[in-house]
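In: Starting from these lines, generate the structure:
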Amino acid sequence: MKKLSKVQLKQQAAVLSAVTALEQQAQAELQAVVQCWFSLEYEALPGSLLVRLQFADEAGLEAAQPHLLIWQKRLSGLLLKKGFVLKDMRKHLVFTCNSPDD
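Out: Predicted coordinates for the structure are as follows:
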């Protein structure tokens with residue numbers, strides 16, 4: 001695996017900070033939240049960023065689904081504070097029952 005540049009490390013730290021804040025809010029407000037994780041390609045940031053909010057079971061996922069837009073807006077706001085502008089916030093956050101290993 002290629003070593004990350006200083007700029008990429010800064011970008012990773014900023015995204016990680018925003019995702020961690022979102023995860024803490026979600027665990028406090030939503031039922032059955034397990035964790036929040038993300039994937040990205042540094043060359044295409046922020047367009048390639050995909051954050052996944054993982055739920056323990058299908059029931060928790062179904063209960064939270066109507067609130068997806070609210071959480072997408074929260075992620076967009078958190079990233080904006082870190083200097084990332086999401087053109088279409090709906091493409092960057094999904095709810096799932098899959099883990100990072102799946």
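In: Phe38 versus the residue nearest in space to the middle of the chain, what's the distance?
Out: Geometric centre of the chain, nearest residue: Val51, 2.8 Å, by CA atoms, centre = their mean. To Phe38, Val51 is 4 Å away according to CB to CB, to the nearest Å. In this view, the C-beta of every residue, glycine as well, is placed from N, C-alpha and C.
In: hang on, the earlier thing: the residue nearest to the centre of the chain pairs with what?
Out: Applying DSSP bridges to Val51 yields these beta-bridge partners: Phe38, Leu93.
In: Quick check: neighbours shared by Val51 and Phe38?
Out: Counting by CB atoms under 8 Å, 6 or more residues apart in numbering, the common neighbours of Val51 and Phe38 are Val19.
In: Under the pLDDT cut-off, which ranges of the chain? List them.
Out: 1 (pLDDT under 70).
In: Can you show me the strands along this protein?
Out: Using DSSP state E, the strands found in the chain span residues 33-39, 50-55, 93-96.
In: how about those in CSV, adding distance to Trp71?
Out: Listed next are the strands of the chain as CSV, based on distance: least, CB to CB, whole Å:
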stretch, distance to Trp71
strand 33-39, 10
strand 50-55, 7
strand 93-96, 6
